[in-house]
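Novice: please work out how this folds:
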Amino acid sequence: MENYRQNADFKRRILVVEDEEVNREILGEILGESYLVSYAENGLQAWDMLHDHSVHYSLVLLDLLMPKMGGIELLEKLRLKEHKMAPVIVMTADETAELTSIKLGAADFLTKPYDMPEVILARCERLIELYEDQSLISAAERDLLSGLYSKEFFYEYIRQIESYQPDRKKDAITLDIEHFHMLNEMFGREAGDEVLRTTGKILTEIFGSRGIGCRPVADVFFLYVDHAEQYDGVFAGLQEELARVTGIPRIRFRIGICQDVDKSLPCEVWFDHAKHACDVIRGDYTRQISFYNEETNAKDLYRERLIKDMDEALSHKDFVVYYQPKYDVSGSRPRLRSAEALIRWKHPELGMISPGDFIPLFESNGLIMKLDNYVWQEAAAQVKEWKDEFGLTLPVSVNVSRIDIYDPALEDKLLDLLRKNGLNPEEIMLEITESAYSSNAQGLIETVNHLRETGFRIEMDDFGSGYSSLNMLTTIPIDVLKMDMKFIRNMMKDRKSQKLVELVIDIARFLEVPVVAEGVETEEQLQLLQEMGCDIIQGYFFSKPVPPEEFRHFIEKELGEKES
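Specialist: Next comes the predicted model:
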């Protein structure tokens with residue numbers, strides 16, 4: 001910057017506004033060697049010259065007492081200009097005018113006569129330098145498009161505000177324009193820029209002196225404002241005004257608000273919270289404003305942690321497959337018939353994580369396919385291990401999620417597992433929930449029929465929890481009907497609930513498939529189900545899900561009873 005200022009080929013221009021010719025000549029002599037000097041004989045002429053945008057003035061030296069328009073009147077007019085004016089040094093012999101001049105925006109004050117040329121030059125040089133430095137800072141301080149602060153200055157101003165008003169309640173707000181990239185593509189970049197420009201202007205008008213704002217990235221805006229309990233209607237006119245100004249209809253904002261920010265945290269964290277609240281409603285057209293909630297945020301962070309840790313957990317085998325036995329109760333004594341593979345997560349830091357926490361999460365984002373494939377591999381290897389050790393074939397049921405059904409490589413993956421472990425299709429049973437049949441039923445039925453033709457047996461899981469019609473049951477390909485455990489829990493409450501269980505068993509009998517009652521916990525439930533003709537029982541009455549080393553005891557006991 002210093003080299004730029006000292007470049008001999010570059011001279012700044014100074015405007016001398018002075019009605020007395022002799023004074024103009026004196027100032028020209030003093031300044032002419034270092035600066036380009038222009039002259040005006042009164043304020044009116046100076047006003048016209050300052051409006052000539054082809055000429056840039058780095059400094060104005062202004063006399064106060066002049067004909068047509070004096071210096072005070074010119075200062076008042078310059079003060080009202082929308083664009084930033086050059087700094088002004090007032091020149092007068094009237095020392096009492098100093099306070100008025102400074103209040104009107106004068107940057108410095110020189111007293112006549114001009115008998116100290118070195119002082120005049122030094123003041124001019126220093127004032128121009130300060131003004132140019134401030135202009136550079138201002139350029140970095142503001143986002144030129146929206147007129148709001150840049151992110152770095154925004155955070156710094158917040159810290160300054162807090163140093164003066166530490167106890168004042170404040171809110172952090174994030175606004176995000178939904179699908180902004182589509183606006184650029186549909187209407188052009190200039191239209192997109194106009195949206196950002198107008199948004200900045202409207203936000204400034206809405207909040208005025210109540211807060212400050214910035215545009216940290218493309219289509220995102222931050223606001224730091226005085227706390228408000230309600231925001232209903234605050235942003236109501238924003239979209240309508242944007243549509244009116246830009247001509248672009250249906251511009252939608254998502255707004256996240258962190259109310260009464262926690263000032264023990266860094267200000268950057270406040271806006272992380274506000275942005276998180278904003279992101280929660282992405283794609284949700286029923287809500288425009290979302291408020292940050294610590295409890296909700298903790299849950300979201302927890303879910304994000306699970307997603308992040310999933311791949312590492314798979315590679316480290318932190319996911320452990322447990323097995324719950326299924327007993328055939330149709331004979332004189334319960335006989336171990338098969339088992340269900342159930343996943344558990346032993347997280348090295350978070351401890352045992354409930355399947356209710358991670359399975360629905362992975363189902364919602366598609367990661368369930370990775371987990372299912374892992375369970376299939378572990379279960380197939382376990383069936384082989386028991387087969388080799390005990391000479392016993394014990395089929396294991398594994399879950400097949402809806403997303404797995406539409407995997408074109410599903411059959412190849414399953415057959416590959418069988419080949420690697422020397423198993424046949426009957427030894428790995430496939431559980432598909434009833435609700436999966438309700439979505440694109442025809443496509444699923446075709447896939448399941450093909451799997452059955454290959455030799456796999458299909459269990460319909462959670463029957464009674466979904467929306468299958470009774471007519472649809474005649475076309476659904478299944479080998480086992482597994483009753484939703486809610487039927488069992490309610491079975492002892494009243495006769496109506498009991499009749500529903502009888503109805504499900506009758507349906508299975510009509511379909512000529514065995515029925516599995518899941519969630520059986522008491523002997524009373526067991527006896528009643530046996531009387532109804534239920535074939536297979538699964539639940540805590542026999543055992544909770546256990547790791548493989550514990551499950552072997554059920555196999556040993558079964559083999560021992562057979563021998564006896």
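
Novice: how far away from the center of its chain is stretch 65-77?
Specialist: 56 Å (C-alpha atoms, centre = their mean, to the nearest Å).

Novice: CA atoms of that stretch as PDB?
Specialist: Taking C-alpha atoms only, stretch 65-77 is exported to PDB below (Å, rounded to 0.1, in the frame of the first residue of the first chain):
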ATOM      1  CA  LEU A  65     -18.200  32.200   3.900                       C
ATOM      2  CA  MET A  66     -19.000  32.300   0.200                       C
ATOM      3  CA  PRO A  67     -21.600  33.800  -2.100                       C
ATOM      4  CA  LYS A  68     -24.500  31.700  -3.700                       C
ATOM      5  CA  MET A  69     -23.900  28.700  -1.400                       C
ATOM      6  CA  GLY A  70     -21.700  28.800   1.700                       C
ATOM      7  CA  GLY A  71     -19.700  26.000   3.200                       C
ATOM      8  CA  ILE A  72     -22.200  25.100   5.900                       C
ATOM      9  CA  GLU A  73     -25.000  24.700   3.300                       C
ATOM     10  CA  LEU A  74     -22.700  22.600   1.100                       C
ATOM     11  CA  LEU A  75     -21.800  20.400   4.100                       C
ATOM     12  CA  GLU A  76     -25.500  19.900   4.900                       C
ATOM     13  CA  LYS A  77     -26.200  18.800   1.300                       C
END
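
Novice: identify the bridge partners of Thr433.
Specialist: Asp461 (DSSP bridges).

Novice: where does pLDDT dip in the chain?
Specialist: 1-10, 81-84, 135-140, 435, 437-441, 465-474, 562-564 (pLDDT under 70).

Novice: what helices or strands is the lengthiest helix in it leaning on?
Specialist: Assignment by DSSP state H gives helix 117-141 as the longest helix of the chain. For helix 117-141, the elements it packs on are helix 21-31, strand 59-63, strand 88-92, strand 108-111, helix 151-164, judged by 3 or more C-beta pairs under 8 Å, 6 or more residues apart in numbering; DSSP states H and E. From N, CA and C alone the C-beta is placed, and that goes for glycine too.

Novice: can I get these in TSV including mean neighbour count?
Specialist: What follows is these, written out as TSV (neighbours: other C-beta atoms under 10 Å):
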stretch	mean neighbour count
helix 21-31	16
strand 59-63	26
strand 88-92	23
strand 108-111	17
helix 151-164	15
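
Novice: so who does Leu529 touch?
Specialist: 329, 488, 501, 517, 520, 537 (C-beta atoms under 8 Å, 6 or more residues apart in numbering).

Novice: wait, a helix at it?
Specialist: Yes. The assignment for Leu529 is a helix, going by DSSP: H, G, I helix; E, B strand; the rest coil.

Novice: quick one: neighbours of Asp176, just the number.
Specialist: By other C-beta atoms under 10 Å, the residues close to Asp176 number 20.

Novice: ignore the last one, Leu196
Specialist: Leu196 has 21 nearby residues by other C-beta under 10 Å.

Novice: give me every residue that touches it.
Specialist: So Leu196 contacts 145-146, 215, 219 (C-beta under 8 Å, 6+ apart).

Novice: PyMOL command to pick out the buried ones of these?
Specialist: A single PyMOL command selects the buried members of the contacts of Leu196 (16 or more other C-beta atoms under 10 Å):
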select buried, resi 145+146+215+219
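
Novice: what's the closest of the contacts of Leu196 to His53?
Specialist: Checking the contacts of Leu196 against His53 with C-beta to C-beta, the nearest one is Leu145 at 20.9 Å.

Novice: now that closest one: phi and psi?
Specialist: phi -80, psi -50 (degrees, to the nearest 10).

Novice: ok, now Ala274?
Specialist: phi -60, psi -40.

Novice: quick one on the thing from earlier: what lies in contact with the longest helix of the chain?
Specialist: Against helix 117-141 from outside (C-beta under 8 Å, 6+ apart): 5, 12, 14, 27, 30-31, 34-35, 58-59, 61, 84, 86-87, 89, 107-108, 110, 114, 149-150, 152-153.

Novice: can you point out the buried residues in that helix?
Specialist: 120, 123-124, 127-128, 131-132, 141.

Novice: quick one: that helix to strand 88-92, angle?
Specialist: Counting by axes from the mean of the first three to the mean of the last three C-alpha atoms, to 10 degrees, helix 117-141 lies at 150 degrees to strand 88-92.

Novice: and helix 117-141 with helix 21-31, angle?
Specialist: Going by the same axes, to 10 degrees, helix 117-141 makes 70 degrees with helix 21-31.

Novice: what angle do helix 117-141 and helix 151-164 make?
Specialist: Using the same axes, to 10 degrees: helix 117-141 against helix 151-164 is 100 degrees.

Novice: chain center to helix 117-141: distance?
Specialist: Per C-alpha atoms, centre = their mean, the centroid offset for helix 117-141 relative to its chain is 44 Å.

Novice: any idea how far Leu430 lies from Glu340?
Specialist: 12 Å (C-beta to C-beta, to the nearest Å).

Novice: which neighbours do those two share?
Specialist: Counting by C-beta under 8 Å, 6+ apart, the shared contacts of Leu430 and Glu340 are Ser397.

Novice: pretty sure Val280 is touching Ile257, no?
Specialist: No. Using C-beta atoms under 8 Å, Val280 makes no contact with Ile257, being 11.5 Å away.

Novice: of the two, which one has the most company?
Specialist: Ile257 (22 against 18).

Novice: mind listing what the more buried one touches?
Specialist: 171-174, 231, 274, 277, 289-292.
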